[in-house]
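Visitor: quick one, fold the following:
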Amino acid sequence: MTSIKIGVVEDESIIADTIINTLKSLGYETTEPCITYTDAIEMAKKEKPDLILLDIKLAGKKSGIDVAETLNRDFDIPFIFLTSNSDIHTIDDAKKVYPSAFLVKPFNREDLFAAIEIALSNFNYISKLISDPEKIRDFIFIKKKDTFYSVKLSDILYLKSDHVYIDIYTENETFTIRSSFELFFQKLKNNSFLQTHRRYIINIEHLKSINIDSVLIKSHEIPLSKSHKAELMKIAALF
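Guide: Coordinates of the predicted model:
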């Protein structure tokens with residue numbers, strides 16, 4: 001089995017060494033720790049890690065937020081934020097760059113392992129949607145607060161896109177994941193899903209009615225654009 005390589009961007013050497021030792025004990029390969037923005041981007045280019053553990057506060061003028069912005073723009077690497085601060089300002093800044101997870105120091109071995117595995121699982125799931133859709137499972141794991149949920153695709157009512165976030169609505173829960181709306185739809189449309197609007201995808205198994213400019217999914221009114229209405233009406237005519 002191919003080893004998973006984890007990049008470590010942490011400017012406190014003692015913490016970096018502890019993280020690296022923990023990662024190795026869990027069976028991961030690691031990079032040498034980086035302490036600045038420049039080091040982190042160079043590491044991403046040369047080492048091509050599967051995931052990066054990224055401290056928000058770094059040595060130098062640029063922070064982990066700056067690293068994250070570059071990773072989002074120029075690389076295809078998921079990252080998990082590490083921070084000693086969990087204040088609202090820090091959380092809000094972190095949310096703007098869409099991390100796969102957020103770990104507050106000090107965290108334990110189990111928290112680190114769970115965050116990495118779930119982040120990689122969801123990232124790899126999205127990456128395989130087009131390349132090998134037949135082998136993709138019919139559920140995904142989604143973290144909500146401190147719990148990981150297994151969500152069946154058939155239980156999804158509809159999805160709403162918000163930049164690189166997707167809100168997933170089921171009858172009893174709402175979840176949020178970080179992924180490409182277009183790539184996610186490549187898998188869903190092989191099942192019972194149809195796009196009704198540039199920001200919405202519905203599960204037609206839960207479709208109750210079709211109106212002039214909206215559809216009803218259970219009790220949820222979802223926008224229906226002209227460009228997507230014709231395809232929906234073709235499907236409706238088959239029933």
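
Visitor: and P33, how far from T70?
Guide: 18 Å (CB to CB, to the nearest Å). Quick note: C-beta positions are derived from backbone N, CA and C, even for glycine.

Visitor: so for these two, which sits in the more crowded spot?
Guide: Ranked by neighbour count (other CB atoms under 10 Å), P33 and T70 place P33 first, with 22 against 15.

Visitor: give the burial count for the spatially closest residue to the more buried one that is not a sequence neighbour, as a bare number.
Guide: Closest residue in space to P33, ignoring its immediate chain neighbours: A16 at 3.8 Å, by CB to CB, 6 or more residues apart in numbering. When neighbours are counted by other CB under 10 Å, A16 registers 21.

Visitor: isn't A16 up against T22?
Guide: No - A16 lies out of contact with T22 (CB atoms under 8 Å); the separation is 10.8 Å.

Visitor: quick one: the residue nearest to P33 from S86, how far?
Guide: Applying CB to CB to A16 and S86 gives a distance of 20 Å.

Visitor: tell me the domain ranges of the chain?
Guide: For the chain, the structural domains run 5-130, 137-237, going by automatic domain parsing.

Visitor: now the shortest one, how far from the centre of its chain.
Guide: Yep, that's domain 137-237 we're talking about. 16 Å (CA atoms, centre = their mean, to the nearest Å).

Visitor: again, but for stretch 56-72
Guide: Relative to its chain's centre, stretch 56-72 lies at 19 Å (CA atoms, centre = their mean).

Visitor: return the alpha-carbon coordinates of it using CSV.
Guide: What follows is stretch 56-72, C-alpha atoms only, in CSV (Å, rounded to 0.1, in the frame of the first residue of the first chain):
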residue,chain,number,x,y,z
ILE,A,56,-2.3,29.5,11.3
LYS,A,57,0.5,31.5,13.0
LEU,A,58,3.8,31.3,11.3
ALA,A,59,7.2,32.9,11.4
GLY,A,60,7.5,35.9,9.1
LYS,A,61,4.9,38.4,7.7
LYS,A,62,2.7,35.8,6.1
SER,A,63,0.5,33.5,8.0
GLY,A,64,-1.1,30.1,7.5
ILE,A,65,-4.1,31.8,6.0
ASP,A,66,-1.8,33.1,3.3
VAL,A,67,-0.5,29.6,2.7
ALA,A,68,-4.0,28.3,2.5
GLU,A,69,-5.0,30.9,-0.1
THR,A,70,-2.1,29.8,-2.3
LEU,A,71,-2.9,26.1,-1.8
ASN,A,72,-6.5,26.8,-2.9
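
Visitor: for S13, what are its contacts?
Guide: For S13, the contacting residues are P33, by CB atoms under 8 Å, 6 or more residues apart in numbering.

Visitor: quick check: phi and psi on it?
Guide: phi -60, psi -40 (degrees, to the nearest 10).

Visitor: gap between it and I19?
Guide: Computed as CB to CB, the S13 to I19 distance reads 11 Å.

Visitor: restricting to C-alpha, output the helix or strand containing A230 in PDB.
Guide: Using DSSP states H and E, A230 maps to helix 226-237. Written as PDB, here are the backbone C-alpha positions of helix 226-237 (Å, rounded to 0.1, in the frame of the first residue of the first chain):
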ATOM      1  CA  LYS A 226     -35.100  28.100 -17.300                       C
ATOM      2  CA  SER A 227     -31.900  26.500 -18.500                       C
ATOM      3  CA  HIS A 228     -32.600  23.400 -16.300                       C
ATOM      4  CA  LYS A 229     -36.300  23.200 -16.500                       C
ATOM      5  CA  ALA A 230     -36.500  21.400 -19.900                       C
ATOM      6  CA  GLU A 231     -34.400  18.400 -18.600                       C
ATOM      7  CA  LEU A 232     -36.500  18.200 -15.500                       C
ATOM      8  CA  MET A 233     -39.800  18.200 -17.500                       C
ATOM      9  CA  LYS A 234     -38.400  15.400 -19.700                       C
ATOM     10  CA  ILE A 235     -37.800  13.200 -16.700                       C
ATOM     11  CA  ALA A 236     -41.200  14.100 -15.200                       C
ATOM     12  CA  ALA A 237     -42.900  13.000 -18.500                       C
END
